[in-house]
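In: Below is the sequence, then the predicted model.
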Amino acid sequence: MAFRGVLSLHKQYLPVTDKTPMLSLGEGDTPLVRANALSQETGCEIYLKLEGCNPTGSFKDRGMVVAVAKAAESGARAVVCASTGNTSASAAAYAARAGLVCAVLIPAGQIARGKLAQAYVYGAKILAIDGNFDKALELTRELGEAGNFAIVNSINPDRLEGQKTAAFEIADDLGRAPEILALPVGNAGNITAYWKGFNEYARVKATALPRMWGFQAEGAAPLVIGKPVADPHTVATAIKIGNPASWNGAVRARDESGGEISAVSDAEIRAAYAYLAAREGVFCEPASAASVAGILKKLRDGKLKRGQTIVCILTGTGLKDVDFALSAGFTVETLPAEADALMNVLQD
Ligand code: AN7
């Protein structure tokens, strides 16, 4: 029987030793799906990498499985992270799997409830602070220095190692790297890891490199304006981050690839989110939709060259944040339990 999971699938490119526990919840190997409506509309070949299909519903599982396995290997008893939600859900799951204690620092009242529910049910110690994500990450660094915790934020290099495997899968599926990789950027671990992954792939298989197009939310766009944002705001809570830890990695990915990091508005994020669900049948969370919002904006601005192959990373599933889904004026009328009444509505 072949065991799935990032550590098994990509072992030779990861820091796996004889002593590394082969932890897995079946993460990685996520679908790359052609976006038919978006391709037709743009004249490009657009694909969606469905990272919401990972075991806890977000891309974080790829890096987390490596970070938690390495923490266990090194004898740590507990892991800690700051999070806008998805990292905490993932850390909590893999810590549970590995038999480690998990503590998560979250900005109180600012993470999607699906993510909070995950951290709770997986059994993490939840520390909700009166402060934003950037403050939570600062405190996490302090705890990591003082205590006997392994930090499993993306400042832990094992996280980036696991995360880079998504680039391998895309290049394997397409037979080459895309011309453009579009993704949301928050703490900037993901864009840093993809760039590393595509570079490693190119060295082995002599393939070309993509341009990296990162998209931040307008109210939380430190990399676009070139300085930290003290009080970031956006409906996409996952990327409500004002001072990304992997700032330099993001700038390097942008500049070395000839790419760019630009901003999309909350309205553009909402529109792309709705488009993906209604036109492509893909339900992602608001932050994930920033990648497609960015592509649609380029199209509107006449800055999207036709004929290019583009991969948009959809980082998390829409089920993470049903409050957001239902906030756009959703109401549903209760009908009499009679076929006639239903038929009337259907014929409207
Ligand atoms: C759905 O969980 O930072 O630029 O603490 O959850 O690598 O940070 C989440 C980030 C994009 C941005 N999409 O990725 C956390 C956290 C989703 C996310 C990002 C996040 P990075």
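Out: Thanks, I have the structure now.
In: C-alpha only now, for contacts and for neighbours.
Out: Fine.
In: List the contacts of Thr56.
Out: Counting by C-alpha atoms under 8 Å, 6 or more residues apart in numbering, Thr56 makes contact with Ala89, Ser90, Ala93.
In: And it, how far from Asn187?
Out: From Thr56 across to Asn187, the span is 19 Å (C-alpha to C-alpha, to the nearest Å).
In: same thing with Cys312?
Out: Distance from Cys312 to Asn187, by C-alpha to C-alpha: 18 Å.
In: now Gly75
Out: From Gly75 to Asn187 the distance is 27 Å (C-alpha to C-alpha).
In: quick one: contacts of stretch 252-264?
Out: 191-192, 195, 209-218, 221, 223-224, 290, 293-294, 297.
In: next one: stretch 202-214
Out: Counting by C-alpha under 8 Å, 6+ apart, 176-185, 191, 195, 198-199, 201, 253-254, 257-262, 291 sit against stretch 202-214.
In: ok, 6 Å please
Out: 177-185, 254, 257-261 (C-alpha atoms under 6 Å, 6 or more residues apart in numbering).
In: buried stuff in the one helix or strand Ala67 maps to?
Out: Here Ala67, judged by DSSP states H and E, is contained in helix 60-73. The neighbour-count criterion (16 or more other C-alpha atoms under 10 Å) identifies 60-72 as the buried residues of helix 60-73.
In: Closest one to the ligand out of those, please.
Out: The shortest approach to the ligand among the buried residues of helix 60-73 belongs to Lys60, at 7.3 Å (C-alpha to the nearest ligand atom).
In: need the contact list for the closest one.
Out: Neighbours of Lys60 in contact, by C-alpha under 6 Å, 6+ apart: Thr87.
In: quick one, phi psi at Asp173?
Out: phi -70, psi -40 (degrees, to the nearest 10).
In: Double-check that Ala150 belongs to a helix.
Out: No. If the criterion is DSSP: H, G, I helix; E, B strand; the rest coil, then Ala150 is strand and not within a helix.
In: can you tell me how far it sits from the ligand?
Out: 16 Å (C-alpha to the nearest ligand atom, to the nearest Å).
In: Excluding chain neighbours, give the residue nearest to that residue in space.
Out: Closest residue to Ala150 apart from its sequence neighbours, by C-alpha to C-alpha, 6 or more residues apart in numbering: Val79 at 4.7 Å.
In: The one you found looks like it's in a helix, true?
Out: No. Under three-state DSSP, Val79 falls outside any helix and is assigned strand.
In: per-residue confidence for it?
Out: We have a pLDDT of 97 for Val79.
In: Could you pull out the strands in the stretch 1-150 of the chain for me?
Out: 32-34, 45-50, 78-82, 101-107, 125-129, 149-151 (DSSP state E, counting those that start in this stretch).
In: what sits up against the following helix or strand past the last one?
Out: Just to be clear, that refers to strand 149-151. For strand 149-151, the following helix or strand on the C-terminal side (DSSP H and E) is helix 157-163. The contact list for helix 157-163, computed with C-alpha under 6 Å, 6+ apart, reads Arg62, Gly63, Met64, Val66, Ala67, Ala193.
In: ok now do the second one, which residues does it touch?
Out: Which is Gly63. Arg159, Leu160, Gly162, Gln163.
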